[in-house]
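>>> take a look and give me a structure for this.
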Amino acid sequence: MAEINGPHDGGSEPDYRFTLANERTFLAWLRTALGLLAGGVAVHQLVPDPSALSTVLAGLCVVLAAVLAASAYPRWRQVQTAMRTGRPLPKSGMLLLLTAGILAITVTAAALVVFS
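Numbering: from 1, shown residues only. The predicted model follows:
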């Protein structure tokens, strides 16, 4: 059996709707990363009288954006390869990480509003 090295090697072509859905999900992860990055830059540039909380908030946004952007392509590739080979879709810890990260950002933003 030939080893599958990439999302387009071996296996059979999945239904185009699934391929397009996988691509839309990949692009949604990138849009979310861009939104987080923009939020981090905005907090850093626009908050008057920067404090430790605003620095933490900006940092959380930028770090989460970087992690999300870095994991988007590998996730797309894993799902595409699984669909081509008929294997179950892989699990992702990114959903939990993204949820925890957005919660941390929300709590930090709330603290910034309350204590500023």
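>>> which helix or strand contains residue 39?
helix 16-46 (DSSP states H and E).
>>> in that helix, what counts as buried?
Going by neighbour count (16 or more other C-beta atoms under 10 Å), the buried part of helix 16-46 is 19, 22, 26, 29-30, 32-33, 36-37, 39-40, 43-44. To be clear about C-beta, it is placed using only N, CA and C from the backbone, and glycine gets the same treatment.
>>> only the buried residues of the very next helix or strand once past it, if you could.
Counting by DSSP H and E, the next helix or strand C-terminal to helix 16-46 is helix 52-85. By neighbour count, with 16+ other C-beta under 10 Å as the criterion, the buried positions of helix 52-85 are 53-54, 56-58, 60-62, 64-65, 67-69, 71-72, 75-76, 78-84.
>>> low-scoring stretches of the chain, by residue?
1-10 (pLDDT under 70).
>>> just want the most central residue of it.
Nearest to the geometric centre of the chain sits residue 68, at 2.9 Å (C-alpha atoms, centre = their mean).
>>> centre of the chain to the helix holding residue 39, how far?
What separates the centre of helix 16-46 from the centre of its chain is 7 Å, taken as C-alpha atoms, centre = their mean, to the nearest Å.
>>> next: stretch 102-113.
That offset, for stretch 102-113, works out to 19 Å (C-alpha atoms, centre = their mean).
>>> okay, that stretch in CSV with CA atoms only?
Extracted as CSV, the C-alpha positions of stretch 102-113 are listed here (Å, rounded to 0.1, in the frame of the first residue of the first chain):
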residue,chain,number,x,y,z
ILE,A,102,-11.6,33.7,24.1
LEU,A,103,-12.8,33.3,27.6
ALA,A,104,-9.5,34.6,29.0
ILE,A,105,-9.7,37.5,26.6
THR,A,106,-13.2,38.3,27.6
VAL,A,107,-12.4,38.1,31.4
THR,A,108,-9.3,40.4,30.8
ALA,A,109,-11.4,42.9,28.8
ALA,A,110,-14.0,42.9,31.5
ALA,A,111,-11.4,43.6,34.1
LEU,A,112,-9.9,46.4,32.0
VAL,A,113,-13.3,48.0,31.7
